[in-house]
Every structure is written in structure tokens, then in C-alpha cells.
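S.K.: Okay, sequence plus prediction incoming.
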Amino acid sequence: MPRLWPSLLSWLDGHGMETSTLPVEPREIPGAGYGLVAVRRIPPATPIFIVPASALLNCNTLQPHYPPKPVLSGTQLVSLHLLLYRPLDHLPSTDPLFGPYISVLPSSFHAHPLTWLWKERVERNENSVESHLLALLPPRVVRDLERVATTFYADWEKVSAYLQENSHVQAKMSYRPAEAPVSNVDLQRNFLWAWLNVNTRCIYHRLKKTQSDPDNMTLCPILDFANHTTQSTPLSTPKNVTNVAPGKKGTEDLTFLSPGDNWALPGQELFLKYGSHSNCTLFVEYGFLTRATERELLEGTAQADVDVGQAIEWLIEGKGNLGLWMKDWLEAEGYWGNWSIHTSPAPAHPSYRLITTLRLYHVLSELGADSDLPENSDEVLDEWRKATLGEREIISEQNEALWKATLLSICNAIIREAEAGVVQVKRRASECTVDWGKWMYENIEMLWKEELHTAKAVVRCIEEDVQF
Ligand SMILES: C[S@@+](CC[C@H](N)C(=O)[O-])C[C@H]1O[C@@H](n2cnc3c(N)ncnc32)[C@H](O)[C@@H]1O
């Protein structure tokens with residue numbers, strides 16, 4: 001368990017939590033850092049611990065300490081607070097409010113892909129392990145990682161502007177020497193650590209009136225040691241209490257229930273389900289992924305999704321003016337973007353959005369790149385729209401054959417790229433000398449294999465003339 005775990009328990013006792021009967025503790029789990037493990041037999045669906053609202057790290061508990069109310073989101077404010085009180089040199093955090101909690105957070109995120117991207121941008125060292133790993137990622141994963149990076153830098157802009165305008169807040173920084181300001185790079189490095197803690201450990205917690213408010217999130221001690229699973233029944237909250245509009249007090253204690261199906265045995269790991277995320281999302285957001293065999297992927301007993309957005313955008317851009325028109329039309333009808341192929345539920349299939357987009361593409365595909373729309377474009381589009389609304393099954397047999405042929409060639413391109421990706425990862429992995437790097441090479445190989453087998457499964461279905 002983390003060295004400062006006993007101090008966390010004493011601190012939680014001070015907040016009124018009953019920790020002497022806590023039936024779980026964090027233990028090291030190979031390949032996953034720590035995990036939350038039962039220390040004795042726990043009956044099913046039973047409250048196992050209650051974390052007091054005052055021990056939750058979120059905008060409700062922090063805002064009173066940052067007057068006047070900062071114009072920062074929940075993620076930005078919690079990240080700012082962690083940035084100020086990051087424990088350094090293995091010493092406990094100096095935060096008078098949440099110090100014992102902050103002291104048991106992971107001290108580094110060197111194995112997280114956002115850290116590699118950040119380091120590559122700052123250090124520009126093409127020969128680092130991080131740069132090698134980034135260069136081996138499937139392009140679709142890189143695109144998604146860029147999305148995460150954009151959010152990170154946008155949050156950093158907000159927080160650094162806040163710090164510049166509020167020098168008294170910056171002065172709280174525990175590791176800031178009085179005589180010299182912390183360099184911008186160091187500040188950003190510490191913010192990255194803070195931000196990754198928030199983004200890999202926060203849970204949804206209804207703090208605001210509206211359900212979709214982005215500030216409905218919190219860090220929650222103890223629970224945040226729970227790893228992700230899709231295989232077993234996860235921990236839960238009573239009657240989905242995290243999603244109930246807050247009462248007058250505005251702050252609720254959080255109760256967690258043991259898995260509902262069976263008794264948990266001593267030494268058994270207890271999990272959460274972080275959401276129905278694809279491996280690509282788990283990887284770029286949380287830095288890990290779930291494993292599946294070739295057979296599970298081909299048979300559809302394991303879920304895998306591959307984003308084919310880049311291929312579709314290139315296809316449509318290749319149509320010049322006509323492509324621009326198609327894009328406008330797809331945007332107006334709500335079909336632009338989020339095109340993917342899936343293994344599950346079997347049979348493997350393209351998403352409905354992808355089918356719909358390819359149908360439109362082929363309604364007009366016989367026209368040259370910069371041709372004008374046909375005179376009867378309204379009629380043509382009407383046929384397409386009828387198919388999208390389910391008023392007719394298909395546009396025509398010819399249209400069906402054409403879009404399936406295009407999907408086949410997209411999948412075959414993915415297969416070729418992924419086969420080459422797997423070979424390259426294997427070759428580079430044998431040269432790696434860093435422990436966590438080896439584990440990461442295996443993860444990246446899994447990302448490529450997932451693309452490979454998903455594309456193969458879809459090809460097989462097209463060839464067998466499966467109806468999608
Ligand atoms: C909420 S924390 C869970 C506790 C964390 N393992 C620790 O050591 O503090 C989320 C992080 O745990 C790791 N993790 C969670 N579920 C995992 C899994 N199924 N396999 C591997 N790592 C996992 C990832 O690094 C993720 O970003």
C-alpha cells in the first residue's frame with residue numbers, strides 16, 4: 001500500500017469517516033499500479049465505505065478557499081490546487097486542506113501517452129523512449145491523443161492566466177523558492193501531473209443543478225484506487241446517488257456498495273467501470289487498455305471500435321467542390337464525423353453513420369471532382385434521405401455494391417497498415433531497455449492488432465454478404 005496510507009486514514013477519521021472497519025485497501029497489482037482489494041469477506045451489495053463530502057476534492061470544497069470565486073471549471077480548479085501542492089522529493093504535500101490525500105496520489109505519469117507528447121514538444125528529443133513510442137502509435141490513436149492534448153493546453157491557458165492575475169495564489173506554491181520564480185516549463189510539467197491525476201481519477205458526482213454540467217465531478221479518496229473492468233460486476237453507489245440533484249446543503253457524502261452478485265473474498269480486487277470506452281479512448285485518456293484475443297475480436301465476443309474518420313475525410317476531400325458540398329450536406333443532416341467499424345455485437349459491422357455517409361458519397365460518385373451538382377440533385381438527395389429515415393431499405397442495388405466495395409478497400413488499407421505496425425512494434429520492443437516501456441510496446445501492439453482484427457472481421461462479413 002502507499003507509504004502514507006495510514007496518514008490518509010487518520011485524516012479521513014478527522015472528517016468523521018469510519019475507517020477502522022474499512023474492508024478494502026490499496027495493493028500493488030501487476031501492470032496496473034495499485035488496485036482496491038478486499039481485506040476480508042464482503043457480502044454482496046453492501047455499503048463498504050462512506051466518504052464524507054468534506055473529504056471530496058471538487059469545486060464545492062475548493063471554491064471557498066479561492067476568493068473571489070475563480071472563473072475556472074471544476075477540472076481546472078482541482079488541477080490548480082494539485083499544482084500548488086504537488087508533493088516533491090517524496091515528502092508529504094504541504095496542503096493544509098487535502099495534504100494527506102494529495103500525498104497518496106501517483107507521483108508520476110511517465111507511462112501516460114500525454115506525458116510522451118508533452119515531453120516531445122518540450123524536449124524535442126527524437127531518440128527518447130517517449131518519441132519512439134509515439135512514432136509507433138496508429139494514426140487514429142494519435143488523432144485522439146491530439147484531442148486530449150488540446151483540452152490539456154486549453155486548461156493550462158486558463159490556469160496560467162489565473163495564476164498571473166493572482167500572484168498571491170502562486171505564492172502558496174509549496175516548492176516555489178522565494179528568490180526565483182518557477183520556470184514556465186516546470187510549472188507546466190507540474191500542471192500536467194495535476195491534470196492527469198484529475199482526468200484519470202475523477203468520477204462523475206452531481207454537484208450542480210443540471211445533469212450535464214461539466215463541474216459535476218470529484219476526486220474521491222480510497223475509491224480512486226479502483227481499477228477499471230468490463231469483466232466483473234463493479235462497485236456501485238446506492239440508487240445511482242451520484243446522479244441525484246444536490247440537496248439544499250449542496251454537498252452529499254458518497255457511499256459505495258460492494259459488487260451486487262457475489263461475496264468478495266479476501267485478496268479479491270474490486271473494480272469500477274469507467275464507462276463503455278473503446279481501447280483507443282482508454283489508452284489516450286487513462287494510459288492503459290484491455291486485452292482481447294484474435295478469436296474474441298473476430299467472433300465479436302470482445303468489443304473493439306476503430307475510427308475510420310481520416311479515410312472518409314480524405315475520400316470526400318478528393319471530390320473537390322463536390323466534396324465540399326457533400327460535407328455541408330452531411331453536416332446539415334447530422335452525419336458528419338464519428339465514422340467507425342465495430343466487432344460487437346456480432347456480426348462485425350460499420351456504424352450506421354458510416355453506411356449513411358458512404359451511401360451519399362456513392363449517390364454522386366460517378367460525377368467528377370469539380371463538377372456541378374446534377375440538375376435533379378433534390379431528387380437524388382430525396383432518395384438518400386428516404387433511406388436514412390427508413391422509408392426505404394436501400395437507395396439501389398448498385399449503390400449498395402459501391403459503398404461496400406469502398407468499405408472493403410478502407411478495411412484492406414487498415415489491414416495492410418496494421419500488419420506493418422505490428423511488425424515495427426515487435427522490432428522496436430526488442431531494443432527497449434526501460435521496464436514500463438516494454439509494457440507499453442505490448443499495449444501499442446494490442447492497439448494495432450485490434451485494428452487489424454476488427455478490419456478483418458468486417459471484410460469477412462462483406463465477403464459473406466452479411467446484411468448490416
Ligand atoms: C482511478 S486510477 C486507479 C488506481 C491506480 N491503478 C493507482 O495505482 O493509483 C486509474 C488509473 O489506473 C490504471 N488502471 C485502471 N484500470 C486499469 C486496468 N484495467 N488495467 C491497467 N491499468 C489500469 C490506469 O493507469 C488509470 O489511469
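M.R.: Alright, I've got the coordinates.

S.K.: With the ligand in mind, check whether stretch 435-451 reaches it.
M.R.: No. Against the ligand, stretch 435-451 shows no contacts by CB under 6 Å from any ligand atom, the least distance being 9.2 Å. (Each C-beta comes from the backbone N, C-alpha and C, glycine too.)

S.K.: Could you give me the buried positions within that stretch?
M.R.: Judged by neighbour count using 16 or more other CB atoms under 10 Å, the buried positions of stretch 435-451 are 437, 440-441, 443-451.

S.K.: same thing with stretch 458-466?
M.R.: Applying a neighbour-count criterion of 16+ other CB under 10 Å, one finds 458-459, 461-462 buried in stretch 458-466.

S.K.: What residues does residue 226 make contact with?
M.R.: Going by CB atoms under 8 Å, 6 or more residues apart in numbering, residue 226 touches 35-36, 234-235, 270-272.

S.K.: State the distance from it to residue 174.
M.R.: Distance of residue 226 to residue 174, computed by CB to CB, to the nearest Å: 28 Å.

S.K.: Next: residue 190.
M.R.: Look at residue 190 and residue 174: by CB to CB, they are 10 Å apart.

S.K.: before we move on, the earlier item: near the ligand too, which of the contacts of residue 226?
M.R.: residue 35.

S.K.: Where does the prediction get shaky in the stretch 301-450 of the chain?
M.R.: For the stretch 301-450 of the chain, residues meeting the criterion pLDDT under 70 lie at 365-372, 374.

S.K.: now the helices for it?
M.R.: 309-317, 320-333, 352-363, 377-388, 397-429, 435-463 (DSSP state H, counting those that start in this stretch).

S.K.: So what touches the shortest one?
M.R.: Contacts to helix 309-317, defined as CB under 8 Å, 6+ apart, come from residues 139-140, 143, 323, 326-327, 337-340, 354, 357-358, 361, 406, 410, 413-414.

S.K.: again, but for the fourth one
M.R.: Applying CB under 8 Å, 6+ apart, the set of residues contacting helix 377-388 from outside is 329, 333, 335, 356, 359-360, 363-364, 374, 392-396.

S.K.: Most neighbours among those residues, which one?
M.R.: residue 360 (24 neighbours; other CB atoms under 10 Å).

S.K.: correct me, but it touches residue 327?
M.R.: No. In this structure residue 360 lies outside contact range of residue 327 using CB atoms under 8 Å: 10.3 Å.

S.K.: before we move on, back to that, of the contacts of helix 309-317, keep whichever come out buried.
M.R.: Buried among those by 16+ other CB under 10 Å: 140, 323, 326, 339-340, 354, 357-358, 361, 406, 410, 414.

S.K.: For this protein, which residue gets nearest to the ligand?
M.R.: Relative to the ligand, the nearest point of the chain is residue 33 (2.5 Å; CB to the nearest ligand atom).

S.K.: Disregarding residues adjacent in the polypeptide, which is nearest to that residue?
M.R.: Excluding the flanking residues, the one nearest residue 33 by CB to CB, 6 or more residues apart in numbering is residue 106, at 6.5 Å.

S.K.: mind checking pLDDT for the one you found?
M.R.: On pLDDT, residue 106 comes in at 97.

S.K.: try the one 4 residues further on
M.R.: In the prediction, the pLDDT value recorded for residue 110 is 93.

S.K.: What separation do you get for it and residue 127?
M.R.: Relative to residue 127, and taking CB to CB, residue 110 is found at 17 Å.

S.K.: quick one: which of those two has more around it?
M.R.: Comparing residue 110 with residue 127 by other CB under 10 Å, the one with more neighbours is residue 110, at 16 against 6.

S.K.: The stretch 101-250 of the chain against the ligand: which residues are in contact?
M.R.: Residues of the stretch 101-250 of the chain lying close to the ligand by CB under 6 Å from any ligand atom are 106, 200-201, 224-228.

S.K.: got TSV for these, with secondary structure too?
M.R.: Formatted as TSV, these follow (DSSP: H, G, I helix; E, B strand; the rest coil):
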residue	secondary structure
106	coil
200	helix
201	helix
224	helix
225	helix
226	coil
227	strand
228	strand
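
S.K.: Can you lay out those as JSON lines showing distance to residue 317?
M.R.: As requested, these are exported to JSON lines (distance: CB to CB, whole Å):
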{"residue": "106", "distance to residue 317": "42"}
{"residue": "200", "distance to residue 317": "35"}
{"residue": "201", "distance to residue 317": "39"}
{"residue": "224", "distance to residue 317": "43"}
{"residue": "225", "distance to residue 317": "46"}
{"residue": "226", "distance to residue 317": "44"}
{"residue": "227", "distance to residue 317": "41"}
{"residue": "228", "distance to residue 317": "37"}
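
S.K.: This completes my enquiry, with thanks.
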